[in-house]
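Chemist: When you get a sec, could you give me coordinates for this:
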Amino acid sequence: MDKSSAIGTVIGLVCFSIVAWHSSHGDLMMFFSQEGVFTVIGGSISVVFMAMPLDKVMSLPRYIKRFFFHTGKSPGDVIKIINTFSEKARRDGILALEAEIAKIDDKFLSSGLKMAVDGVDPAAIEATLRMEVLAMQDRHKAGKKFFDLIKLYGPGWGLVGTLIGQIGMFGQLGGGDVGAMGKMLALAVVATMYGTVLANAIAGPIGDKLALRSAEEILTKEMMLQGILSIQAGDNPRVTLDRMMAFVPPVGREKLKVAA
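Modeler: Residues are numbered from 1 along each chain as shown. Below is the predicted model of the structure:
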């Protein structure tokens, strides 16, 4: 599980619940508005369906899973794996890696090493793996786009709910029905709150986290690619390790070299 995502979600829920409880003196239903839900939540969903293909919209569970559960390898993990394979290939020959490939739990890395062991031209390996990275990047963009749309249009639908509430309130001025005016005023305020919370406390952070994870995964894939090409070229393991270290900030390089 992505600990930072879980911690941030819990902190947000706890803080919001405490403030809401004290503000309402325990009557949390005053924050619920059926009209606000239909306007803001329903309106935001409609925008997503209008702006994105159906298959991308239906991938929402996968986007949420990526937010809470990060399964990608860290740069340190990649360096250790590549360093191990580099030393084995240098010592026993690249064909010795064939037995180890089946144990790899990363399809990108195993695919690249298979091509290297099979003697595929380095340029062809690089072209194939870079196409995989581009396809992965496109899939990740769809996830961020989903939440960016909600972040962009959620507050707008909140404003629509606010305007509807104000119009309804003004329409009740002639009749003097204070209860009806209060209900429409509540709709106006609650709709704004829904749109703000949806954009700034939910959609925005999730979209930003997905973008960050995507950048990290692209970096690790590039590290794997460079490592595969270095192994196939028969480079000294130290040269391969130095090439891997180029992707790591200077502060953490010595620690990773000792671990490798």
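Chemist: how close does Leu113 get to Val197?
Modeler: As judged by C-beta to C-beta, to the nearest Å, Leu113 and Val197 stand 47 Å apart. C-beta coordinates here come from the backbone N, C-alpha and C atoms, glycine included.
Chemist: Looking at the two, which is more packed in?
Modeler: With neighbours defined as other C-beta atoms under 10 Å, Leu113 and Val197 compare such that Leu113 has more, 27 against 17.
Chemist: shouldn't that one be in contact with Leu95?
Modeler: No: with contacts counted by C-beta atoms under 8 Å, Leu113 stays clear of Leu95, the gap being 11.4 Å.
Chemist: The protein: helices as residue ranges?
Modeler: 3-24, 34-36, 43-51, 54-57, 60-68, 75-92, 98-101, 107-117, 122-171, 178-197, 204-232, 237-245, 250-259 (DSSP state H).
Chemist: Which neighbouring elements make contact with the third one?
Modeler: Put plainly, it is helix 43-51. helix 122-171 (3 or more C-beta pairs under 8 Å, 6 or more residues apart in numbering; DSSP states H and E).
Chemist: mind checking how far the helix it packs on is from the chain centre?
Modeler: Distance of helix 122-171 from its chain centroid, counting by C-alpha atoms, centre = their mean, to the nearest Å, is 11 Å.
Chemist: list the helices and strands that helix packs on?
Modeler: Applying 3+ C-beta pairs under 8 Å, 6+ apart, one finds that helix 122-171 contacts helix 34-36, helix 43-51, helix 54-57, helix 60-68, helix 107-117, helix 178-197, helix 204-232.
Chemist: again, only this time at 7 Å
Modeler: If you count contacts as 3 or more C-beta pairs under 7 Å, 6 or more residues apart in numbering; DSSP states H and E, helix 122-171 packs onto helix 43-51, helix 60-68, helix 107-117, helix 178-197, helix 204-232.
Chemist: Switch these over to a markdown table; also include mean pLDDT.
Modeler: A markdown table is the format used below for those (pLDDT from 0 to 100):
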| stretch | mean pLDDT |
| --- | --- |
| helix 43-51 | 94 |
| helix 60-68 | 91 |
| helix 107-117 | 92 |
| helix 178-197 | 84 |
| helix 204-232 | 92 |
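Chemist: who wins for proximity to Lys144 among the ones you listed?
Modeler: helix 204-232 (4.9 Å; C-beta to C-beta).
Chemist: Give me the buried positions along that closest one.
Modeler: 204-207, 209-211, 213-214, 217-218, 220-221, 223-232 (16 or more other C-beta atoms under 10 Å).
Chemist: Kindly report the same for stretch 134-145.
Modeler: Buried residues in stretch 134-145 (16+ other C-beta under 10 Å): His140, Ala142, Gly143, Lys144, Lys145.
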